[in-house]
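In: below are the sequence and a predicted model; questions follow.
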Amino acid sequence: MLGFWIAILSGALMSVQGVFNTQVTKQSGVWVANAFVQFTALLVCLAVWLATDRASFASLLKVEPKYMLLGGAIGTFITYTVIKSMEQLGPARSVMFIVVSQLIIAYVIEVLGLFGVEKQPLEMKKLLGAGVMIAGIVIFKWT
């Protein structure tokens, strides 16, 4: 149950962050805003790290495969694409497309067992659920 509430909080924070970042971009520029977002994220992470576990950064050298370390770089492009989509579609439509895209890609990753994720069987009810979400976007977009 805790995972459910954490996911809800995550979605809420992503939506608020996207709106904040889009507003900052209007006054500064997309890459300046993105750099500031990533820099402040670094500062917060370092502060929390200092206050909590203090695990060794050397453990990162042991991560295999090495491409798994690209999460931060991908985060830069996530921030950029969220800003641009909210700028062009507005927060509600943007988040709808982002969430459906996340769901579909996450399910493909599970079904194919990509990136070390345990492979899951393809289930028609999950495909139907994705279809219902896409239908919801269509209804939301044209109402």
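Out: Nice, thanks for sending it over.

In: drop to CA atoms for contacts and neighbour counts, all remaining ones
Out: Will do.

In: quick one: stretch 9-26 to chain centroid distance?
Out: 11 Å (CA atoms, centre = their mean, to the nearest Å).

In: show me what that stretch is in contact with.
Out: With contacts defined as CA atoms under 8 Å, 6 or more residues apart in numbering, stretch 9-26 is touched by 32, 33, 34, 37, 79, 82, 83, 84, 86, 87, 91, 95.

In: can you add secondary structure and give these back as a markdown table?
Out: Listed next are the contacts of stretch 9-26 as a markdown table, based on DSSP: H, G, I helix; E, B strand; the rest coil:
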| residue | secondary structure |
| --- | --- |
| 32 | helix |
| 33 | helix |
| 34 | helix |
| 37 | helix |
| 79 | helix |
| 82 | helix |
| 83 | helix |
| 84 | helix |
| 86 | helix |
| 87 | helix |
| 91 | helix |
| 95 | helix |
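
In: from these, pick the one nearest residue 116.
Out: residue 79 (24.9 Å; CA to CA).

In: any idea how far the closest one lies from residue 96?
Out: 16 Å (CA to CA, to the nearest Å).

In: show me which of these two is the more surrounded one.
Out: residue 79 (22 against 17; other CA atoms under 10 Å).

In: for the contacts of stretch 9-26, which single residue is the most surrounded?
Out: residue 83 (27 neighbours).

In: any idea how far it is from residue 119?
Out: 33 Å.

In: now swap in residue 55 and tell me
Out: Distance from residue 55 to residue 119, by CA to CA: 30 Å.

In: give me the more crowded residue out of the two.
Out: A count of neighbours by other CA under 10 Å puts residue 119 above the other of residue 55 and residue 119, at 13 against 10.
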